[in-house]
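Engineer: kindly return the folded structure for what I paste below:
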Amino acid sequence: MTLKFALTSVILVLSSFFLLLNFSGSIANEQQSIIEELVAKKWNGLRDIAVFSSVTGGASTEEEDSNKPNIDIEQDVSKVLDKYKNDERIEHIIPALNINNMKVSIDGVVNNYQVETSNTVASIDKVEAGRLQNLDGREVAVTKLFLEKNKLKPEEVIGKKISIEGEGYDWSSGQPQSIKQTVKDLTIVGVVDSTIRYDSPDGKPYEFELEDAFIYGLDVVKELNKQKNSSDTNISCTIRVKKVEDIMNIVEELNAEGITPFGEFESVKDILKIDNTSGEQTSSMAGILAVIAVVVTLVVTIINGYLRKGEYTILKINGYSKNSLLNLSMMEYLLIALSSSVIFVAGLPVINSLSIKLFGMSISGSNSMVMGIVIIIIQGLIAGLITSFIAAKTNISNNLMTGDR
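Structural biologist: The predicted structure is shown next:
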């Protein structure tokens, strides 16, 4: 009897474990770690969606046009900033702005420092200190490399006022004209890591850091664009999405508006495909095992019930009613369920470790523990009802005549 009680408790724990993997919406699926690992290899720029008002390709291949740039794309992106600035899927938006040959002065800290020009669109990996600029306002985040070259710490510049002089290009005549640009009294609010990483065609990883990739508030971008006769509404920008899973949805939304975004979308699709395939395989395996576990629980319950028909016959002879047998069976399986719950809670660290290794799913945490206990008790009550039904259907005369045959 004791062995049967223990085996039934263990079977109930295993059955509940597999059901927990399949039906608990609060369980953190470890498939997310697959995405995080792949994103880490590609760096945070994988989550960036670049939206340009115009894109200039290489020179024409025609001999007579060899000195003329080829404008591949011109598009109206003026509504993008307003549409996505409060979108919960977005981590941040960086308005595009390049100032060449920058000379920087920071109150009481730096005087007329010449910043190295990269001729590269400003890009960031992460925020090193402070925060990014507000989308609206006269704020700026400076680069980590800029501080390192000036032997400064973030706390020495954050909150200070900065003024910048440099050069830009006025395209209003159809030809680029270099002009002086100046912006004063911006507030430094953060320091960013401007490292750019990429893989060469031969698969080797490369990286370099930009010194001039300052990140400006939208009011600053508009002011400098006016200085070079550029649009202060149709402003290019880079959108960083919080989750890789949302990138393609946003890309499709932009395409629906007639906007062509740029980014590492093929890599994103590959990552999502890997994750979906792995998730489907894991879910299928866990689902099959859950069905098997439930079936085994039911079969064991039914077999136990039929093996105890002689016991139920004696109880009926001694005056037990159907309700009494119901109460007896329910109490018995409730005790088994409580024992199973104790086993489940005590063995949760080991069970969770096996779950991660076998299925890539975690069942740690209080929510998972409570749900596991609830599933065990529900299964115990169902088993009690099945046993009660078998006891109620036991025929005294037939059972006494057949015995164990």
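Engineer: look up how far F214 lies from the residue nearest to L325 when sequence neighbours are not counted.
Structural biologist: Closest residue to L325 apart from its sequence neighbours, by Cβ to Cβ, 6 or more residues apart in numbering: A391 at 4.2 Å. (Glycine included, C-beta is placed from N, CA and C.) Taken as Cβ to Cβ, to the nearest Å, the spacing of A391 relative to F214 amounts to 79 Å.
Engineer: do the same with V183
Structural biologist: According to Cβ to Cβ, V183 stands 10 Å off from F214.
Engineer: ok, the two, which is more surrounded?
Structural biologist: Using other Cβ atoms under 10 Å as the criterion, V183 and F214 rank with F214 on top: 26 against 21.
Engineer: shouldn't that one be in contact with A141?
Structural biologist: Yes. In this structure, F214 is within contact of A141 by Cβ atoms under 8 Å, at 6.9 Å.
Engineer: how is this structure carved up into domains?
Structural biologist: The chain is divided into the following domains under automatic domain parsing: 2-30+275-402, 53-95+235-261, 97-232.
Engineer: and K269, which of those domains is closest to it?
Structural biologist: Nearest to K269, of all those, is domain 53-95+235-261, at 6.9 Å by Cβ to Cβ.
Engineer: model confidence over that closest one, on average?
Structural biologist: This predicted structure assigns domain 53-95+235-261 an average pLDDT of 80.
Engineer: same check on stretch 113-123?
Structural biologist: Per-residue pLDDT values over stretch 113-123 give a mean of 87.
Engineer: can you give me the end-to-end distance of that stretch?
Structural biologist: Its first and final residues considered, stretch 113-123 spans 21 Å by Cα to Cα, to the nearest Å.
Engineer: list the buried residues in that stretch.
Structural biologist: By neighbour count, with 16 or more other Cβ atoms under 10 Å as the criterion, the buried positions of stretch 113-123 are V115, T117, S118, V121, A122, S123.
Engineer: is it true that the fourth one touches I94?
Structural biologist: By that I understand V121. No. The pair V121 and I94 fails to qualify as a contact (Cβ under 8 Å) at a distance of 9.4 Å.
Engineer: list the residues that contact both of the two?
Structural biologist: Taking Cβ atoms under 8 Å, 6 or more residues apart in numbering as the contact criterion, the residues that touch both V121 and I94 are T238.
Engineer: shaky segments in the stretch 151-300 of the chain?
Structural biologist: With pLDDT under 70 as the threshold, the stretch 151-300 of the chain has low-confidence stretches at 199-201, 203, 274-287, 289.
Engineer: where do the strands of it begin and end?
Structural biologist: Listed in chain order, the strands of the stretch 151-300 of the chain (DSSP state E, counting those that start in this stretch) span residues 161-170, 177-193, 195-199, 205-209, 215-216, 237-241.
Engineer: what's the closest of the ones you listed to V345?
Structural biologist: Ranking the strands of the stretch 151-300 of the chain by proximity to V345 (Cβ to Cβ) places strand 237-241 first, at 39.1 Å.
Engineer: need the residues that contact the closest one.
Structural biologist: Under the contact criterion Cβ under 8 Å, 6+ apart, strand 237-241 has outside partners 44, 47-51, 77, 80-81, 84, 89-96, 121-123, 247, 250.
Engineer: which of these count as buried?
Structural biologist: Among these, those scoring as buried are 44, 47-51, 77, 80-81, 84, 90, 92-96, 121-123, 247, 250 (criterion: 16+ other Cβ under 10 Å).
Engineer: appreciated, that's everything.
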